[in-house]
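Q: sequence first, then the predicted structure, then my questions.
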Amino acid sequence: MGQLALVALMNYRLILFTGSRTWTDKGAVQTVLDGLDYSQDLIVHGAHRYLKVDGTVDTDRSLDAIVEYLAVKAGFHTYPMPAPWARFGKVAGPVRNDVMSRLAPDHTYAFIMPVSRGTRDMAGRISKLGLPLTEIFP
């Protein structure tokens, strides 16, 4: 059984975070997390992160890295879903977005920057499916 199949068995709500690699506003992410329940919500995100020179994750930029850092710190379970770049090349992002949208998340939070092609793609997929979506702008 896949890990996400266990979500249904554990009665978690699936909460999807999608956003730009250039997102830096931790306060906006924290505000959303403050409205969620770590005992009932599983946080899924795209798993993009930047590494510092010393090899540690830069938790100050990239929506995915910020979400992972703040959610774990608050006690949430998280499920990072990295794009399969090595396998699919340039279409890896849309492939991953398709898989994430098919999870039919209970709610999606899209943190959209002015140039945010991948995030807009993900938000469009969620919207087209008629699933709950909140768009957040800087």
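A: Received, thanks. Everything numeric in this text was worked out from a predicted model, so none of it was measured.
Q: so what's Arg13 up against?
A: With contact taken as Cβ atoms under 8 Å, 6 or more residues apart in numbering, Arg13 is in contact with Gln40, Asp41, Leu42, Asp106, His107. For every residue, glycine as well, the C-beta is placed using N, CA and C.
Q: so who does the last one touch?
A: Applying Cβ under 8 Å, 6+ apart to His107 gives the contacts Arg13, Ile15, Leu16, Leu131, Pro132, Leu133, Thr134.
Q: kindly recompute the last result at 10 Å.
A: 13-17, 32, 36, 41, 126, 131-134 (Cβ atoms under 10 Å, 6 or more residues apart in numbering).
Q: hmm, which of those are the buried ones?
A: Among the contacts of His107, the ones that count as buried by 16 or more other Cβ atoms under 10 Å are Leu14, Ile15, Leu16, Phe17, Val32, Leu36, Asp41, Ile126, Leu131, Leu133.
Q: can you classify Asp98 as helix, strand or coil?
A: Classification of Asp98 by DSSP: H, G, I helix; E, B strand; the rest coil places it in helix.
Q: number of residues surrounding it?
A: Using other Cβ atoms under 10 Å as the criterion, Asp98 is surrounded by 13 other residues.
Q: so how far is Gln30 from it?
A: With distances defined as Cβ to Cβ, to the nearest Å, the gap from Asp98 to Gln30 amounts to 29 Å.
Q: cool, and Tyr12?
A: Tyr12 sits at a distance of 21 Å from Gln30 (criterion: Cβ to Cβ).
Q: much appreciated, bye for now.
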